[in-house]
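In: Sequence and predicted model, in that order:
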Amino acid sequence: LFAAVAIAWVILDQLTKWWAVARLDGPTDEIIGSLRFTLVENRGSAFSLGTGFGTWIAVLAIILFSTTESSQSPSHRINRILLFALSLVSIVVNAIAVSAIVFRLTEYGITPNRMAVLISNLLIFTNLILVSTRLFKAIKNENAMEEVNLSIAKFLPLYSLWTAIVVFAFPVLFGFK
């Protein structure tokens, strides 16, 4: 039942997106009388706060769910090695992303979006490093998998705090630009 509802929801979501792109010509279209629809693209998640972070969020989610499963079956050492490799690759790619963001900051100046993206990336980068070190320990010690889950969970309040700062303080700090 859950799978059927989820599939129906995804199909409905895709159909409404297709309809909006196909039918809405300009930034705002009148539908009936004063009823207007505005076509807006959201390339991120959560009001575009997650723009560009889908990969990192997915990597952390994969690691979290995989370690939860691995902690229940400690004999799967190869699983932990693969998760460690995944986290290392993510660190390298995230380091490249951070360097590109720093380049944009130095080249084009500070904007609210660049600052939000930089600090968000640094938070994720730090979390990935912490998770990687815990996964490395878990390769040797089967009982260390719980530490991996905790290292992800301990960052959730930091992500929430940063989101609140971006949503509520950034408009004031940057003069609502």
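Out: Noted; the coordinates are in hand.
In: Which positions in the helix or strand containing Ile91 come out as buried?
Out: Taking DSSP states H and E as the definition, Ile91 sits inside helix 77-108. By neighbour count on 16 or more other CB atoms under 10 Å, the buried set for helix 77-108 is 79-80, 83-84, 86-87, 90-91, 94, 97-98, 101, 104. From N, CA and C alone the C-beta is placed, and that goes for glycine too.
In: so what secondary structure elements neighbour that helix?
Out: Using 3 or more CB pairs under 8 Å, 6 or more residues apart in numbering; DSSP states H and E, the elements in contact with helix 77-108 are helix 54-72, helix 112-140.
In: For those helices, which has the smallest mean pLDDT value?
Out: Ranked by mean pLDDT, the helices and strands packed on helix 77-108 end with helix 54-72 at the bottom, a mean of 61.
In: separation between Leu105 and Ser160?
Out: Noted for Leu105: a distance of 24 Å to Ser160, by CB to CB, to the nearest Å.
In: no wait, Phe170
Out: Distance from Phe170 to Ser160, by CB to CB: 15 Å.
In: more crowded one of these two?
Out: Phe170 (15 against 10; other CB atoms under 10 Å).
In: and the nearest residue to that one once chain neighbours are set aside, how far is that from Ala85?
Out: Distances taken as CB to CB, 6 or more residues apart in numbering put Pro112 closest to Phe170, at 5.0 Å, once the chain neighbours are dropped. For Pro112, the distance to Ala85 equals 36 Å [CB to CB].
In: cool, and Val148?
Out: 14 Å.
In: Now name the helix or strand holding Arg36.
Out: Going by DSSP H and E, Arg36 is part of strand 35-38.
In: Off-centre distance for that strand?
Out: 30 Å (CA atoms, centre = their mean, to the nearest Å).
In: which of the residues in that strand are buried?
Out: Buried residues in strand 35-38 (16+ other CB under 10 Å): none.
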